[in-house]
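Chemist: Give me the fold of what follows.
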Amino acid sequence: MEFQSSDREERGLRNGAGAHQMRTRRHGAGAKQAPPEDLHICPSCDSRLVYPLDWSPVDMCHWRVELRCPECEWTEAGLYEQAALDRFDHILDSGTDSLVEDLRLLQRSNMEHELARFNMALGQDLILPEDF
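Modeler: Prediction:
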């Protein structure tokens, strides 16, 4: 997808710790700024599903990270301190753990359902040797 110059805005910011952030905004240039500790919250739609698209180290304490919101398609590239990214990483890990647990429960439920159907088919002689 190609972005028009009117859809993209670059500017330098200073956060509370004095670290310089270069941000590139796409979609919704009027969106409010989320504090660096809230990298998981979309400043455009307040979704808590923001995730990193790309990241690279800039120096010993800073990373360039491109973020994306899957709900409103907002993206931003910024320079973030290691401490803010450690908090973001913890939040992402918690989300991953939650998804893995949901997947485990769904797999178990599906397996129980398949086992019940297989049992029912065996009990009604619907499975024959030719089926194997």
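
Chemist: Roughly how far does the residue nearest to the spatial centre of the chain sit from His90?
Modeler: Compute the mean C-alpha point of the chain, and by Cα atoms, centre = their mean the closest residue is Tyr51, 3.1 Å away. From Tyr51 across to His90, the span is 14 Å (Cβ to Cβ, to the nearest Å). For the C-beta atoms, the positions are set from N, CA and C on the backbone; glycine is no exception.

Chemist: same thing with Asn119?
Modeler: Taken as Cβ to Cβ, the span from Asn119 to His90 is 43 Å.

Chemist: And stretch 87-95, what's buried?
Modeler: Under the neighbour-count criterion of 16 or more other Cβ atoms under 10 Å, stretch 87-95 has Phe88, Ile91, Leu92 buried.

Chemist: Give me the pLDDT for the first one.
Modeler: According to the prediction, Phe88 has pLDDT 95.

Chemist: I'd guessed it sits against Tyr51; true?
Modeler: No. If you go by Cβ atoms under 8 Å, Phe88 and Tyr51 don't touch, sitting 9.3 Å apart.

Chemist: who touches both of the two?
Modeler: The overlap between the contact sets of Phe88 and Tyr51 (Cβ atoms under 8 Å, 6 or more residues apart in numbering) consists of His40.

Chemist: what sits against the residue nearest to the centre of the chain?
Modeler: His40, Leu67, Arg68, Pro70, Leu92.

Chemist: and the last one, that one's in a strand?
Modeler: Just to be clear, that refers to Leu92. No. Counting by DSSP: H, G, I helix; E, B strand; the rest coil, Leu92 is not found in a strand; it is helix.

Chemist: Skipping its backbone neighbours, what lies nearest it in space?
Modeler: Nearest non-adjacent residue to Leu92, counting by Cβ to Cβ, 6 or more residues apart in numbering: Tyr51, 6.8 Å away.
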